[in-house]
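*Asks:* Build me a structure from this.
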Amino acid sequence: MQRRSFITKVRSLGMLVLAVGILQGCGDILGKTSEEHLQHGKDYESKGDYRAALVEYKSALQQTPSNMEARLLLGKLYVKLGQGIEAEKEIRQAENLGIKRESLLVSLGDALLLSGKYREALDQIQPM
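*Replies:* Have a look, this model is predicted:
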């Protein structure tokens, strides 16, 4: 009987340690600020891990939907991933939030071309 009680206590302790570890890991993920997500996204993108960068940029935007830098970075990343429609949406949103048009024209043009909107690309991207 004593042996069974000891084994039960060891199992319970093991489960407790596992649960604390899992919760601590979730706290690290959930506890990031929008700016931390943004920085992690930039780090992942610079290493070529575009999927992880995508998750980080989206996480930043979940916390702060009006973050124009995150919108532009997400739009540019969508261009790299060949997703023109998503890229155009995010780039236009960044412009609506206050990013200057001249700083996003190339990315917008790329997004429009990826989407097959050739005429619109010509109309939108005029020489200065």
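*Asks:* contacts, neighbours, all on C-alpha from now
*Replies:* OK.
*Asks:* Any regions of the protein where pLDDT drops low?
*Replies:* Applying pLDDT under 70 to the chain flags the ranges 1-30, 127-128.
*Asks:* For the residue nearest to the spatial centre of it, give its distance to residue 95.
*Replies:* The residue lying closest to the centre of the chain (Cα atoms, centre = their mean) is residue 57, at 2.1 Å. Using Cα to Cα, to the nearest Å, we find residue 57 at a distance of 17 Å from residue 95.
*Asks:* if I pick residue 88, what's in contact with it?
*Replies:* Residues in contact with residue 88, defined by Cα atoms under 8 Å, 6 or more residues apart in numbering, are 75, 108, 111, 112.
*Asks:* let's see 6 Å
*Replies:* Residue 88 makes contact with residue 111, according to Cα atoms under 6 Å, 6 or more residues apart in numbering.
*Asks:* The one 5 residues further on too?
*Replies:* With contacts defined as Cα under 6 Å, 6+ apart, residue 93 has no neighbours.
*Asks:* now the residue nearest to the centre of the chain: how far from residue 124?
*Replies:* 26 Å.
*Asks:* Residue 35 too?
*Replies:* Remark: distance between residue 35 and residue 124 (Cα to Cα) = 31 Å.
*Asks:* The two: which has the busier surroundings?
*Replies:* Counted by other Cα atoms under 10 Å, residue 35 and residue 124 do not tie: residue 35 has more neighbours, with 18 against 13.
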